[in-house]
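[1] my questions are about this predicted structure, shown below with the sequence.
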Number of protein chains: 2
Amino acid sequence: MPYERDIITKLHAYVPGEQPTSTEVVKLNTNENPYPPPQAVMDAVHAIDGESLRRYPSPTAQPFRQAAAEAHRLSPEQVIATNGGDELLRMLITVYCEPGAAGRAGEAERSEVARGGIGVAEPSYSLYPVLAAIHDTSVTRVPLGDRFALSEDIADAWNSAGCRLGFVVNPHAPSGRWETPELLGRIADRFDGVLVIDEAYVDFAKNDSLSLVRQGEAARDNVVVLRTLSKGYSLAGMRFGYGLAGAGIIAALDKVRDSYNTDAVSQRAAVAAIQSREVAADSWQKVIAERNRLIDELSQRGLSVLPSASNFLLASLPSEGEPDSVGPLPQAAAVYQSLKQRLVFVRYFDQDRLRDSLRITVGTPAQNDRLLEALDEIAATTPQA
Amino acid sequence: MPYERDIITKLHAYVPGEQPTSTEVVKLNTNENPYPPPQAVMDAVHAIDGESLRRYPSPTAQPFRQAAAEAHRLSPEQVIATNGGDELLRMLITVYCEPGAAGRAGEAERSEVARGGIGVAEPSYSLYPVLAAIHDTSVTRVPLGDRFALSEDIADAWNSAGCRLGFVVNPHAPSGRWETPELLGRIADRFDGVLVIDEAYVDFAKNDSLSLVRQGEAARDNVVVLRTLSKGYSLAGMRFGYGLAGAGIIAALDKVRDSYNTDAVSQRAAVAAIQSREVAADSWQKVIAERNRLIDELSQRGLSVLPSASNFLLASLPSEGEPDSVGPLPQAAAVYQSLKQRLVFVRYFDQDRLRDSLRITVGTPAQNDRLLEALDEIAATTPQA
């Protein structure tokens, strides 16, 4: 008999994208920035001395809070530093969602008990429901519209289900679609709970939602913006994310924070990163230029690619035998496997609305060329329909 | 109206020891190792390249699991790496304890509902009950015996309360007392839940409890040993802990782990650390020698110091006006404040059985001399009773 709780026994853990150790692999599967971190970050890491490691770090990452507040024109009390953005997601669920809501109760009680969970848009980042399952709280899934458009109505659907937290990733993953802060503000106004705007990929977009948390007319008291240094600052290996919100929300989150949740090295690196915005922005411009080239190139090969404000693309493949099929490529899952055999890793999601698509991280020009060559090879060796 | 759950509004967060930034302070308050980390750790940190930071780390810290397994004669499947030992504590409560048990239910239901929580020995590490409160699970507190002795009976008390997890810190904090693995094994045998042996300070003791998790006659399927690099390896700033247990327990813990909970830098540093045991052990020997000197010196000054197998001491002060008072020192809280004014930080706990005591981390010979001088100054300036 296992000792763990039933919900843990039944739990399906989150499956991250593969992290191959081979340097031969063209790795376009987990949305890393293809360019190195700013030199100031490397200098900060290399300057770490034994004394900084021997002693406990600042429990709240106070120097980072100060630096982030300056960078974003907020106050330090509006910033919480976390061990990657994922830790912030977990903390949000702990603070706002009632456990025991995920369905252990009988159906009769359930409609009442199930209140207090999270709301998501489908499809979206698959970690949100996993974190809800770990907390044993309910998940209300609302389908996105055509081309993954978000609608204000999502707030009503979440309210009907009693959701305490709603998650929106903007730019959207896995499509790259971008929604305006005005729309997000209207959703926050209609939503009875706290709206989390996951801006993991915002550095590659034209605008952000910080007006919704910055003191001023647009400020909402029920919005949390999530940021990470993983993508924009090329620091996926460092695990540093942060939340931006009103001081009341940050204080509540701080209560459930592990006592020293970020370390001395990542704190120094994070300060250096956020103060190197212009250096990092060079990489964003290069990624954006390649993103646009890749959209053209993939479209020429018969793939259908949605506009993206992110550092990845969602490219759908023509179905085999479909009347308007314009290219010879086989179905997405097969292409995913064929690319992998050619050491080009992209991401395939075996779920509704995504089975005909590949999510492709934008790489360097050379990496993207390797992808395109591999696709051409696959097309050339595939029997015509 | 706040958006957060009622239990969060009411929650009292964990209060870590102060982390002064001044280098003037003689910091004997949070049990850091006074000696620097092994040079191999510094080399590993300084060798980090941009590519390692740009990419996601190993989600499970696989190279560390391998190195730890070799160091402890276990298999890698028996090791889980965590963001400090504190993260492991939180994960254990998530996996084994039922939320909603901490008393929202009416008293009538409560005796049933309250089952499924944690058991602790009192006094102990004050984070355990805080983590239970965050999870909204019950805490069963069983007083330790004379001189903080642990008894097998604690298992019966925990069983009666339906505890699913029991926490024992060995060597004990804040007393430094050490219990044998045989006693801990008998507690595990009598306990219906999972016994967590928090070995945060074990490097300063003569023996450990790994026989209880290592394959063999003494192995128990309900024991988790917690380790940290914070103290023994002088890496409090790095946040790296780990759990050792049977593969089933580790697999359950792994399900609730944040997807990338340890970073590329700390993973490299941790591998280097655990492979530098002999270097680190030099610091342990120096700390032990100073610990013994400090016990003598404090005893000569009228303080009563328990034997310690750790890198700190619990020193109790004679009560003012007590008939057998042998020294002129005022009560512990006042001495704590007076030491602080002299820039010597120790830890004072305003709780039962500890109000007459100071917990003093063993420092370098020079730091310990500063402590003793400050105590002598305080004694000299205190009016005789």
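    Yep, that arrived.
[2] show me which residues of the stretch 251-385 of chain A are close to chain B?
    Applying Cβ under 8 Å from any Cβ of the partner chain, we find that the stretch 251-385 of chain A lies next to chain B at A:252, A:254-266, A:269. The C-beta positions use only the backbone N, C-alpha and C, and glycine is treated the same way.
[3] and the residue of the stretch 101-250 of chain A nearest chain B?
    residue A:237 (3.5 Å; Cβ to the nearest Cβ).
[4] who does the one helix or strand residue A:167 maps to touch, helix- and strand-wise?
    Assessed by DSSP states H and E, residue A:167 sits inside strand A:165-169. Judged by 3 or more Cβ pairs under 8 Å, 6 or more residues apart in numbering or on different chains; DSSP states H and E, the packing partners of strand A:165-169 are helix A:85-96, strand A:118-122, helix A:154-160, helix A:181-190, strand A:194-198.
[5] wait, isn't residue A:72 in contact with residue A:210?
    Yes: between residue A:72 and residue A:210 there is a contact under Cβ atoms under 8 Å: 5.8 Å.
[6] okay, and the common contacts of those two?
    Shared contacts of residue A:72 and residue A:210, defined by Cβ atoms under 8 Å, 6 or more residues apart in numbering or on different chains, comprise residue A:244.
[7] need the helices and strands packed on strand A:165-169 in JSON lines (columns: mean neighbour count, distance to chain B and mean pLDDT).
    Output for the helices and strands packed on strand A:165-169, formatted as JSON lines (neighbours: other Cβ atoms under 10 Å in any protein chain shown; distance: least, Cβ to the nearest Cβ, whole Å; pLDDT from 0 to 100):
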{"stretch": "helix A:85-96", "mean neighbour count": "26", "distance to chain B": "5", "mean pLDDT": "97"}
{"stretch": "strand A:118-122", "mean neighbour count": "24", "distance to chain B": "13", "mean pLDDT": "98"}
{"stretch": "helix A:154-160", "mean neighbour count": "19", "distance to chain B": "13", "mean pLDDT": "97"}
{"stretch": "helix A:181-190", "mean neighbour count": "18", "distance to chain B": "12", "mean pLDDT": "98"}
{"stretch": "strand A:194-198", "mean neighbour count": "26", "distance to chain B": "5", "mean pLDDT": "98"}
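[8] turn those into a markdown table, including distance to residue B:297.
    Compiled in a markdown table, the helices and strands packed on strand A:165-169 are given as follows (distance: least, Cβ to Cβ, whole Å):
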| stretch | distance to residue B:297 |
| --- | --- |
| helix A:85-96 | 44 |
| strand A:118-122 | 57 |
| helix A:154-160 | 64 |
| helix A:181-190 | 62 |
| strand A:194-198 | 55 |
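[9] ok, which of the ones you listed comes nearest residue B:347?
    Residue B:347 sits nearest to helix A:85-96 of all those, at 27.1 Å, using Cβ to Cβ.
[10] which elements pack onto that closest one?
    Using 3+ Cβ pairs under 8 Å, 6+ apart, the elements in contact with helix A:85-96 are strand A:79-82, helix A:127-135, strand A:165-169, strand A:194-198, strand A:223-228, strand A:241-245, helix A:247-255.
[11] ok, which of these comes nearest residue B:374?
    Proximity to residue B:374 (Cβ to Cβ) singles out helix A:247-255 among the helices and strands packed on helix A:85-96, at 33.5 Å.
[12] could you give the angle of the closest one to strand A:194-198?
    80 degrees (axes from the mean of the first three to the mean of the last three Cα atoms, to 10 degrees).
[13] and the contacts of helix A:247-255?
    For helix A:247-255, the external contacting residues (Cβ under 8 Å, 6+ apart) are A:60, A:75, A:77-80, A:88, A:91-92, A:95, A:194, A:221, A:224, A:243, A:245, B:2-4, B:8-9, B:11, B:13, B:134.
[14] filter the residues you listed down to the buried ones and hand me the PyMOL line.
    To isolate the buried ones among those in PyMOL, judged by 16 or more other Cβ atoms under 10 Å in any protein chain shown, type:
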select buried, (chain A and resi 60+75+78+79+80+88+91+92+95+194+224+243+245) or (chain B and resi 3+4+8+11+134)
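[15] so how many other residues sit close to the nearest residue to the residue of the stretch 101-250 of chain A closest to chain B once chain neighbours are set aside?
    Distances taken as Cβ to Cβ, 6 or more residues apart in numbering or on different chains place residue B:264 nearest to residue A:237, at 3.5 Å, with adjacent residues excluded. Residue B:264 has 24 neighbouring residues, counting by other Cβ atoms under 10 Å in any protein chain shown.
[16] check contacts around residue B:264.
    A:237-238, B:48, B:52-53, B:55, B:57.
[17] for residue B:61, see how far away the residue of the stretch 101-250 of chain A closest to chain B is.
    Residue A:237 is 12 Å from residue B:61, where distance means Cβ to Cβ, to the nearest Å.
[18] what of residue A:317?
    Taken as Cβ to Cβ, the span from residue A:317 to residue B:61 is 36 Å.
[19] in the stretch 251-385 of chain A, which spans are strands?
    A:304-305, A:312-316, A:344-345, A:357-361 (DSSP state E, counting those that start in this stretch).
[20] could those strands go into a markdown table alongside mean pLDDT and mean neighbour count?
    Listed next are these as a markdown table, based on pLDDT from 0 to 100; neighbours: other Cβ atoms under 10 Å in any protein chain shown:
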| stretch | mean pLDDT | mean neighbour count |
| --- | --- | --- |
| strand A:304-305 | 96 | 18 |
| strand A:312-316 | 97 | 24 |
| strand A:344-345 | 97 | 22 |
| strand A:357-361 | 97 | 26 |
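[21] so what's the backbone phi/psi at the nearest residue to residue A:223 once chain neighbours are set aside?
    Distances taken as Cβ to Cβ, 6+ apart put residue A:212 closest to residue A:223, at 4.6 Å, once the chain neighbours are dropped. As for residue A:212, its main-chain torsions (degrees, to the nearest 10) stand at phi -80, psi -10.
[22] burial of residue A:212, as a residue count?
    Residues lying near residue A:212 (other Cβ under 10 Å) number 23.
[23] was I right to think it contacts residue A:180?
    No: if you go by Cβ under 8 Å, residue A:212 and residue A:180 don't touch, sitting 11.1 Å apart.
[24] any idea how far residue B:360 is from residue A:171?
    53 Å.
[25] that should have said residue A:297, apologies.
    Taken as Cβ to Cβ, the span from residue A:297 to residue B:360 is 67 Å.
[26] with residue A:350 instead?
    The value you get for residue A:350 to residue B:360, if Cβ to Cβ is used, is 58 Å.
[27] one more: residue A:278?
    48 Å.
[28] just residue A:33 next, same as before
    47 Å.
[29] do the same with residue A:201
    Using Cβ to Cβ, residue A:201 is found at 49 Å from residue B:360.
[30] what is the neighbour count of residue A:84?
    Residues lying near residue A:84 (other Cβ under 10 Å) number 28.
[31] which residues does it contact?
    Listed by Cβ under 8 Å, 6+ apart, the contact set of residue A:84 reads A:228, A:230, A:239-241, B:258-261.
[32] so can I have CSV of those showing pLDDT, neighbour count and distance to residue A:26?
    CSV is the format used below for the contacts of residue A:84 (pLDDT from 0 to 100; neighbours: other Cβ atoms under 10 Å in any protein chain shown; distance: Cβ to Cβ, whole Å):
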residue, pLDDT, neighbour count, distance to residue A:26
A:228, 98, 25, 23
A:230, 98, 28, 19
A:239, 97, 32, 24
A:240, 98, 30, 26
A:241, 98, 25, 26
B:258, 93, 24, 28
B:259, 91, 20, 23
B:260, 96, 24, 21
B:261, 97, 24, 27
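[33] understood, closing this out.
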